[in-house]
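Undergrad: have a look; sequence and predicted model below, questions after that.
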Amino acid sequence: MTPAARVATAIELIDRIDAGAPAEKVLTNWARSARHAGSKDRAAIRDHVFDVLRRWWSTAAEGGAATGRGRMIGLMRQQGIAPETMFTGQTYAPAIIEPGEGVAWPMDGPVALDCPGWLEPSMRRALGADFAAIMDRLRHRAPLHLRVNLRKTDRAGAIASLATDGIRAVDGPLSPTCLEVVDNARAVQRSRAYLDGLVEMQDAASQRICDLLPVRDGQRVLDYCAGGGGKALSILGRADIAMDAHDIDASRMAGLPARADRAGVTVRIVDRSALRSGDYDLVLVDAPCSGSGAWRRNPEGKLRLDAARLTELQRLQSKILRQASALVARDGVLAYATCSLLAEENDAIVDGFLADSPSWHPVLRRRLTPLEGGDGFYVALMSQRQAF
Ligand SMILES: C[S@@+](CC[C@H](N)C(=O)[O-])C[C@H]1O[C@@H](n2cnc3c(N)ncnc32)[C@H](O)[C@@H]1O
């Protein structure tokens with residue numbers, strides 16, 4: 001495909017996403033039907049679509065229309081490419097820009113920063129003087145971070161193994177297990193280092209959250225919202241523990257046994273009926289959330305989140321935290337984490353829980369933002385022990 005044909009395809013896909021279809025589904029369905037497209041075409045089109053999602057409002061303003069076409073004109077301008085070089089009207093290219101089309105709109109603060117307007121007050125409250133800098137980070141692509149599996153190798157060993165497959169990685173931020181891939185990121189999942197379980201994909205902040213959990217050999221640990229098991233595997237890389245993984249949606253954990261196998265560790269999948277009160281030294285609640293700290297990775301969340309969904313998430317977070325607290329042993333630790341930057345999903349949930357549960361007290365609270373090199377994340381540790 002020509003670069004202009006890729007732009008034309010991205011325009012079509014962005015319009016489908018704008019009409020409500022989930023971005024991943026739109027891209028997968030297109031890739032299945034587009035036999036003529038090679039892997040470079042697919043990657044370039046995916047990049048266009050995700051770049052626009054990260055800059056949903058500013059690209060529309062810069063391109064003068066809240067459409068796929070307007071947004072791609074705006075994106076080209078933001079990337080320093082003259083849109084006229086792509087919108088040529090030739091075969092498979094987008095139609096020529098008409099007179100009066102593509103006239104930029106004036107941009108106010110939240111639009112220029114691609115912050116959903118309704119969330120601006122909450123974001124400003126949560127981020128204070130860093131509001132603009134953090135929102136701007138969320139408009140840019142995220143680096144690819146890997147977690148080194150210390151059970152199998154160390155950072156230097158993982159870097160050397162990746163290099164044999166032409167992948168260049170360097171020490172990453174926030175955690176002693178973190179690597180940042182600086183060249184050939186798309187090859188990671190086919191590399192020996194990945195297939196042999198020396199590395200896993202995990203954002204630096206997610207790794208840092210696991211570093212902060214007080215796990216010791218011999219403990220029983222429950223990952224209550226395990227999903228794909230990223231945190232469970234990360235914790236298992238740090239200590240010899242008995243790790244149980246639970247998720248209300250068991251299908252989310254489908255890939256976990258294979259991932260654990262690759263990493264050389266054991267995770268027991270448990271359903272609700274197997275969970276007993278007071279059974280665990282540590283229970284981690286990696287709660288479902290807005291994902292606002294990870295919008296550079298999953299930018300569609302920015303478009304889909306609304307006030308009703310945020311309220312629903314808060315209710316769910318409080319409920320899950322309450323349920324999970326019952327599973328912690330008397331002198332154990334309850335950890336609550338989100339990849340949200342919003343105080344409504346972080347301190348407010350923890351404060352609400354502590355107010356309703358006088359036997360629990362806070363031990364630690366930490367928030368990470370993209371300014372520190374990883375996604376935005378939050379963790380709070382709580383205990384019933386008098387002296388922690
Ligand atoms: C943020 S994701 C977890 C990510 C995962 N810990 C990781 O590191 O890869 C939140 C998970 O919570 C699960 N979840 C939602 N409601 C739940 C509930 N009531 N009980 C347990 N898990 C729940 C979701 O299915 C989702 O997989």
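TA: Structure received.
Undergrad: so what pLDDT did Arg155 get?
TA: Looking at Arg155, its pLDDT reads 98.
Undergrad: show me the contacts for it.
TA: 148, 171, 176-177, 179 (CB atoms under 8 Å, 6 or more residues apart in numbering). For the C-beta atoms, the positions are set from N, CA and C on the backbone; glycine is no exception.
Undergrad: how far out from the middle of the chain is the helix or strand containing Arg259?
TA: Assigned by DSSP states H and E, Arg259 belongs to helix 256-263. Distance, stretch centre to chain centre, for helix 256-263: 21 Å (CA atoms, centre = their mean, to the nearest Å).
Undergrad: do it and the ligand meet at all?
TA: No - using CB under 6 Å from any ligand atom, helix 256-263 stays clear of the ligand, with a minimum separation of 9.0 Å.
Undergrad: need phi/psi at Val328.
TA: Note on Val328: backbone dihedrals following degrees, to the nearest 10 are phi -90, psi 140.
Undergrad: number of nearby residues for it?
TA: 23 (other CB atoms under 10 Å).
Undergrad: identify the residues contacting the helix holding Arg259?
TA: 149, 151-152, 195-197, 200, 226, 228-229, 232-233, 236-237, 245, 266-267, 269.
Undergrad: buried set for the one helix or strand Lys25 maps to?
TA: According to DSSP H and E, Lys25 maps onto helix 23-33. Of all the residues in helix 23-33, those buried under the rule 16 or more other CB atoms under 10 Å are 23, 26-27, 30.
Undergrad: with stretch 381-388 instead?
TA: Within stretch 381-388, judged by 16+ other CB under 10 Å, the buried ones are 381-384.
Undergrad: hang on, Asp203 packs against Asp375?
TA: Yes - at 4.8 Å, Asp203 and Asp375 qualify as touching, with contact defined as CB atoms under 8 Å.
Undergrad: got the domain ranges for the chain?
TA: 3-107, 144-201, 214-383 (automatic domain parsing).
Undergrad: strands of this protein, start to end?
TA: 144-148, 168-171, 178-183, 199-201, 220-223, 242-245, 267-269, 280-286, 328-338, 361-368, 377-383 (DSSP state E).
Undergrad: for the longest one, buried residues please.
TA: This points to strand 328-338. 328-329, 332-338.
Undergrad: quick check: bridge partners of the residue in the stretch 51-200 of the chain that the ligand sits nearest to?
TA: Ranked by CB to the nearest ligand atom, the top residue of the stretch 51-200 of the chain for proximity to the ligand is Glu200, at 10.2 Å. Per DSSP bridges, residues listed as beta-bridge partners of Glu200: Arg147.
Undergrad: with Ile269 instead?
TA: Counting by DSSP bridges, Ile269 forms beta bridges with Ala245.
Undergrad: what's around it, how many residues?
TA: Counted with other CB under 10 Å, Ile269 comes out at 18.
Undergrad: ok, it - contacts?
TA: By CB under 8 Å, 6+ apart, the neighbours of Ile269 are 244-246, 250, 253, 256-257.
Undergrad: which of those ranks first by neighbour count?
TA: For these, the largest neighbour count, defined by other CB under 10 Å, is 27 neighbours, found at Ala245.
Undergrad: against the ligand, how distant is that residue?
TA: 9 Å (CB to the nearest ligand atom, to the nearest Å).
Undergrad: am I right that that residue is in contact with Leu233?
TA: No - contact between Ala245 and Leu233 fails when scored by CB under 8 Å: they sit 9.4 Å apart.
Undergrad: can you pull the residues that touch both of these two?
TA: Val267.
Undergrad: quick one: contacts for Arg77?
TA: Applying CB under 8 Å, 6+ apart, the residues contacting Arg77 are 62-63, 83, 104.
Undergrad: what subset of these is buried?
TA: Among these, those buried by neighbour count (16+ other CB under 10 Å) are 62-63, 83.
Undergrad: can you list those residues in JSON lines and add distance to Glu120 and pLDDT?
TA: Output for the buried ones among the contacts of Arg77, formatted as JSON lines (distance: CB to CB, whole Å; pLDDT from 0 to 100):
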{"residue": "Glu62", "distance to Glu120": "19", "pLDDT": "98"}
{"residue": "Gly63", "distance to Glu120": "22", "pLDDT": "98"}
{"residue": "Pro83", "distance to Glu120": "29", "pLDDT": "98"}
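Undergrad: take the residues you listed and keep only those in helices.
TA: The members of the buried ones among the contacts of Arg77 that map onto helices under DSSP state H are 62-63.
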